[in-house]
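**Student:** model the structure of this input:
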Amino acid sequence: MLHVAKDLNVRLDMLVPSQEVWRQIPLWYHIGFKTKTGRRYGLKAYKCLMTNHGVETAGEAADVEQRLDSPNHTKQQNSAKLTLNELVEKWDPCRLDSNDGLELTADDQAANQVAKEQDGRIRFNPDLGNKDPLTDGIWIFTSGWDTHPKPGDDEGIIAISIAYTDGSSYENGTAEACVGAGVWFGEADDRNIFLRLPGPNQTNNAAEI
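**Tutor:** Okay, here's the model as predicted:
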């Protein structure tokens, strides 16, 4: 089954995994390691983590790493920390949260509801946070085993511009047809443009598109 999964490029990936997902992923063959690593089962420190501390997942390793009140297990705690440090930021269970700063606030959502009722302008919700369970993050026919990078954080609201577009055809439907299109932002706006469409598809539909 594992050979078939590898042949079909089956893998786990989410753009912004939740903290619950971070903690559930098996640690010893974690998909989020920065570099490819060999088997860890044979190392004494890792055996202690697995056997004596029952560490199987990244979340359990994070719990061990945070228990600093046992001087007899410094090596194991360091092993847990070093292993977690090998994970890319996107999959690190020690991060405080998975908030990407993109989710609409309660005020934004309320404003959108009013806008819907009044046929007004609705603010797009760009949130990429994945609140689905771990199993919903398994994909097939992917491009490889590399993990997608963590998306950039929200840079805040930018100025909104309104543009009007249109296109038309002269002598539409004939061999002499020629089409053009334009974008209009406002009177004497330097961003206003108009152009003659090149190519053989000289139709009104092409101009509109």
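**Student:** ok, and the closest non-adjacent residue to Arg196?
**Tutor:** Leaving aside its chain neighbours, Arg196 sits nearest to Gly180 (5.0 Å; criterion: C-beta to C-beta, 6 or more residues apart in numbering). C-betas here are computed from N, CA, C, even on glycine.
**Student:** which strand or helix spans the one you found?
**Tutor:** Per DSSP states H and E: Gly180 is located in strand 178-184.
**Student:** hmm, who's touching that strand?
**Tutor:** 163-172, 191-197, 202-204, 206-208 (C-beta atoms under 8 Å, 6 or more residues apart in numbering).
**Student:** in that strand, what counts as buried?
**Tutor:** Buried residues in strand 178-184, defined by neighbour count with 16 or more other C-beta atoms under 10 Å: Val179, Ala181.
**Student:** what lines up beside it in the sheet?
**Tutor:** Its sheet considered, strand 178-184 pairs with strand 164-170 (antiparallel), strand 193-196 (antiparallel) by DSSP bridges.
**Student:** redo those as JSON lines? Include mean pLDDT, distance to Asp127 and mean neighbour count.
**Tutor:** Formatted as JSON lines, the strands paired with strand 178-184 follow (pLDDT from 0 to 100; distance: least, C-beta to C-beta, whole Å; neighbours: other C-beta atoms under 10 Å):
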{"stretch": "strand 164-170", "mean pLDDT": "89", "distance to Asp127": "28", "mean neighbour count": "14"}
{"stretch": "strand 193-196", "mean pLDDT": "91", "distance to Asp127": "33", "mean neighbour count": "11"}
